[in-house]
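Asker: show me the folded form of this:
(one chain, ligands or ions: 2)
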Amino acid sequence: MKELIKKLTEAYGPSGYENDVMNMIKEEIKDYVDDLKIDKMGNLVALKQGKGNDRKKIMFAAHADEIGLMVTHIEKEGFLRFTNIGGINPYNLVGARIKLQSGQKGMVSHEHLDSMKDLKLEKMYMDIGSSSEEESKKIVSLGDIAVYDQKTQFIDGRIMGKAIDDRIGCAVLIETAKQVGEVDNDIFLVFTVQEEVGLRGGRTSAYSINPDLGIAVDVTRTGDTPGAKRMDVALGKGVAIKIKDSSLITSQKVKKLIIDTAERENIKYQLEVLERGGTDAGAINLAREGIPAGCLSLPCRYVHSYSEVVALEDVENTIKLAVKVAGNSQLFQE
Ligand code: CO
Ligand code: ZN
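Answerer: Ligands and ions are numbered 1, 2, ... in the order given. This next block holds a predicted model:
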């Protein structure tokens, strides 16, 4: 699985440009599902057909896109100004290596500032090694995209790299397809597009699938680093079962279903209340006339930086729980 995680996290796929990632996932999952298609929005929808009589539809969602930068202006001296795709803290960009879609590499720096408090994206630029506007224009156009250029590393049971948000969720869904075996319900494994810019693929795919239950698998923040904002989620303490974030209040019956499953199967878990942030679960929850939804979260440090960190053990517990929830024959007991 390490190899799969490395491949997925190092792949190139900011919001709206997820093709390479989708093709990679298709190859990984095709032998384990009954149907596989890319919908009009670009979401990859895999179906594992249920064998039960009174089949329900469970939709799992993990987003395939990652945050990125988009070129807005080319300076006379060849430097590139840019805007963000998704939530990027300018401090996370200082000195960051980046890669354009063409493969061209570069780095990000900023104008001289009297105080780093004045650091904003509009004070920053990409340096791609070009020394004139003309030279840059041969390599790059307005609207071109860049992402962090970063290799994924494994250190003592931890994974460190870019785009762990949310390729790690994609890896969990792929492993779920491989491990779940025969199921009673129809299991939709959806790899969504454009989550980072507003849960867009999650919304459209939930509309077309119209599931009875929606479960997102995504990363969440932790409160376990020096001086961190209070948050009772920590690395290595198991899969985090979401109770609330800005996009979702987990339906009580979904919360019960997930917690009961973790308890019954002895899967290490923790509870999560995220004060700011959302996932595809929020979009699924508000699709059509409302769909019960929840989220299995992976505790992740330094979210949206080029060195996001998760614990391999938490990933394994998340897979176990996803497999057991998918394999449940009865969704909600009255
Ligand atoms: Co994110
Ligand atoms: Zn995410």
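
Asker: burial of the residue nearest to residue 85 when sequence neighbours are not counted, as a residue count?
Answerer: Take residue 85 and drop its neighbours on the chain: the residue closest to it by CB to CB, 6 or more residues apart in numbering is residue 68, 4.3 Å away. Using the backbone N, CA and C atoms, a C-beta is placed for each residue, glycine as well. Counted by other CB atoms under 10 Å, the residues lying close to residue 68 total 26.

Asker: for residue 68, give its distance to residue 96.
Answerer: 12 Å (CB to CB, to the nearest Å).

Asker: and residue 22, by the same measure?
Answerer: Note on residue 22: its distance to residue 96, by CB to CB, is 25 Å.

Asker: before we move on, what about residue 280?
Answerer: 26 Å.

Asker: tell me which of those two has more neighbours.
Answerer: Comparing residue 280 with residue 96 by other CB under 10 Å, the one with more neighbours is residue 280, at 33 against 23.

Asker: list the residues that contact the more buried one.
Answerer: 61-63, 192, 195, 199, 201-202, 214, 216, 218 (CB atoms under 8 Å, 6 or more residues apart in numbering).

Asker: repeat that for residue 17.
Answerer: 65, 68, 101, 145.

Asker: of the residues you listed, just say which sits nearest to residue 118.
Answerer: The shortest approach to residue 118 among these belongs to residue 68, at 23.7 Å (CB to CB).

Asker: got a list of what that closest one touches?
Answerer: Residue 68 neighbours (CB under 8 Å, 6+ apart): 14-15, 17, 84-86, 145-147.

Asker: before we move on, back to that, of the contacts of residue 280, list those near ligand 2.
Answerer: Applying CB under 5 Å from the ion to those, one finds that residue 218 fall near ligand 2.

Asker: show me the contacts of residue 280 that map onto strands.
Answerer: Those of those mapping onto strands are 61-63, 192, 214, 216, 218, per DSSP state E.

Asker: and the residue of the stretch 1-150 of the chain nearest ligand 2?
Answerer: Proximity of the stretch 1-150 of the chain to ligand 2 (CB to the ion) peaks at residue 63, 5.6 Å away.

Asker: is it true that that residue touches residue 197?
Answerer: No - if you go by CB atoms under 8 Å, residue 63 and residue 197 don't touch, sitting 10.3 Å apart.

Asker: tell me which element residue 27 is part of?
Answerer: Element membership for residue 27, per DSSP states H and E: helix 19-29.

Asker: which helices and strands does that helix pack with?
Answerer: In terms of contacts (3 or more CB pairs under 8 Å, 6 or more residues apart in numbering; DSSP states H and E), helix 19-29 is packed against helix 2-10, strand 35-38, strand 44-48, helix 164-179, strand 186-192.

Asker: bridging residues for the closest residue to residue 152 other than its chain neighbours?
Answerer: Distances taken as CB to CB, 6+ apart put residue 161 closest to residue 152, at 3.2 Å, once the chain neighbours are dropped. For residue 161, the beta-bridge partners under DSSP bridges are residue 308.

Asker: just to revisit the earlier point, give me the neighbour count for the residue of the stretch 1-150 of the chain closest to ligand 2.
Answerer: Number of residues near residue 63 (other CB under 10 Å) recorded here: 31.

Asker: residue 189 too?
Answerer: Residue 189, neighbours per other CB under 10 Å, totals 29.

Asker: what parts of the stretch 101-250 of the chain come near ligand 2?
Answerer: Listed as neighbours of ligand 2 in the stretch 101-250 of the chain under the rule CB under 5 Å from the ion: 165-166, 218.

Asker: by neighbour count, which of those residues wins?
Answerer: Comparing those by number of neighbours (other CB under 10 Å), residue 166 comes first, having 30 neighbours.

Asker: still on that earlier bit, from residue 170, how far off is the residue of the stretch 1-150 of the chain closest to ligand 2?
Answerer: For residue 63 relative to residue 170 (CB to CB), the value is 8 Å.

Asker: now residue 141, what's its secondary structure?
Answerer: coil (DSSP: H, G, I helix; E, B strand; the rest coil).

Asker: please, which helix or strand holds the closest residue to it other than its chain neighbours?
Answerer: Excluding the flanking residues, the one nearest residue 141 by CB to CB, 6+ apart is residue 71, at 7.3 Å. According to DSSP H and E, residue 71 maps onto strand 68-74.
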